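J.: below is the structure, and that's it, no one-letter string:
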């Protein structure tokens, strides 16, 4: 269901699309959302057309403090938004690898590589078809792993964290922006297909996220909830979150249950 949903999002282009990790926003809202969560105008203006389709809930590349020469892996790279933003930051001696399980997203990202090369003069971004539970990446080969509102979609999150630890070099770091739960959701919300594709029904508690990362062997964990993201979607009358709100107990709102979460960690040396 998730693969099919995001395949449709990739194909719909500028038409109004299904709810996803930023709810039911139109593509024209994508730049505004990106600015709100910390992307600079210069980064957005340099992107190939269609790379930003509004699927972000944070800015993991900025969180990672990227440096020239690093090898970066983007989990669930979609149309290439974060990968193309990261490319100039790691520079000509660095490398960016995007992995996505949706062929339509992968095709969209690969089509944009030529425009990225023309605008930046760089040839340092590639996209691979694969699942984040089984990454097509060698052991101990990556300096930085990032992911933007994708881990919540996985049916086997502990395995994703184990894969992150496997591919990171000793001392490598991870920066993830994701949706997480402050408390368990009612069963009515968990049954909603649009809430699953929309990154809510598959999210887990903040404490579970921390436990999975530690169990995978990562250290120096920091988890920073960013409640304003969900509140902003509600203020914008987002269709998905309005549906979710209707299924919640009286006197509660989606922001009482769901938060945007920044996660950083390191692989021990």
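T.: Noted; the coordinates are in hand. Because the structure is a prediction, the values reported are computed rather than measured. Numbers count the residues shown, from 1 in each chain.
J.: stretch 83-97: end-to-end distance?
T.: Across stretch 83-97, the terminal residues are separated by 7 Å (Cα to Cα, to the nearest Å).
J.: contacts for that stretch, please.
T.: Here stretch 83-97 makes contact (Cβ atoms under 8 Å, 6 or more residues apart in numbering) with 39, 43, 46-48, 51, 61, 66-74, 77, 98, 109, 112, 116, 120, 122, 124-128, 137, 142, 146. For the C-beta atoms, the positions are set from N, CA and C on the backbone; glycine is no exception.
J.: can you give me the buried ones in it?
T.: Buried residues in stretch 83-97, counted by 16 or more other Cβ atoms under 10 Å: 83-91, 94-97.
J.: which residues in the stretch 1-150 of the chain form strands?
T.: With DSSP state E, counting those that start in this stretch as the definition, the stretch 1-150 of the chain shows strands at residue ranges 71-75, 95-100, 125-129, 142-148.
J.: could you give the mean pLDDT of the helix or strand containing residue 230?
T.: Assessed by DSSP states H and E, residue 230 sits inside helix 228-235. If you average the pLDDT over helix 228-235, you get 77.
J.: what are the buried residues along that helix?
T.: In helix 228-235, counting by 16+ other Cβ under 10 Å, buried: 229-230, 232-234.
J.: and that helix, what does it pack onto?
T.: Packed against helix 228-235 by the contact rule (3 or more Cβ pairs under 8 Å, 6 or more residues apart in numbering; DSSP states H and E) you find helix 239-246, strand 258-266.
J.: which among the ones you listed is found nearest to residue 184?
T.: For residue 184, the closest of the helices and strands packed on helix 228-235 is strand 258-266, at 11.1 Å, according to Cβ to Cβ.
J.: so what strands line up beside the closest one?
T.: strand 168-181 (antiparallel), strand 219-226 (antiparallel) (DSSP bridges).
J.: and these, which is most packed in?
T.: Mean neighbour count (mean count of other Cβ atoms under 10 Å) peaks for strand 168-181 among those, with a mean of 22.
J.: what's the first helix or strand after it?
T.: Counting by DSSP H and E, what follows strand 168-181 is helix 187-190.
J.: how many other residues sit next to residue 99?
T.: By the measure other Cβ atoms under 10 Å, the count of residues near residue 99 is 26.
J.: how near is it to residue 145?
T.: Distance of residue 99 to residue 145, computed by Cβ to Cβ, to the nearest Å: 10 Å.
J.: and residue 163, what does it touch?
T.: 132-135.
J.: any idea of the angle the helix or strand that contains it forms with strand 71-75?
T.: According to DSSP H and E, residue 163 maps onto helix 157-167. Orientation check (axes from the mean of the first three to the mean of the last three Cα atoms, to 10 degrees): helix 157-167 against strand 71-75 gives 170 degrees.
J.: any idea how far helix 157-167 is from the chain center?
T.: Put simply, helix 157-167 sits 15 Å off its chain's centre (Cα atoms, centre = their mean, to the nearest Å).
J.: next, the angle strand 142-148 makes with it.
T.: Comparing the axes of helix 157-167 and strand 142-148 via the same axes, to 10 degrees yields an angle of 150 degrees.
J.: if I take helix 157-167 and strand 95-100, what angle do their directions form?
T.: Using the same axes, to 10 degrees: helix 157-167 against strand 95-100 is 160 degrees.
J.: so which bits of helix 157-167 are buried?
T.: Neighbour-count burial for helix 157-167 [16+ other Cβ under 10 Å]: 157, 159-167.
J.: tell me which of those residues is nearest to residue 218?
T.: residue 165 (5.9 Å).
J.: okay, and the common contacts of residue 99 and residue 145?
T.: Residues touching both residue 99 and residue 145 by Cβ under 8 Å, 6+ apart: 73, 75.
J.: so what's residue 167 up against?
T.: With contact set as Cβ under 8 Å, 6+ apart, residue 167 has these partners: 73, 135, 137-142, 145.
J.: PyMOL command for the buried members of these?
T.: PyMOL command restricting the contacts of residue 167 to the buried ones, with burial defined by 16+ other Cβ under 10 Å:
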select buried, resi 73+135+137+142+145
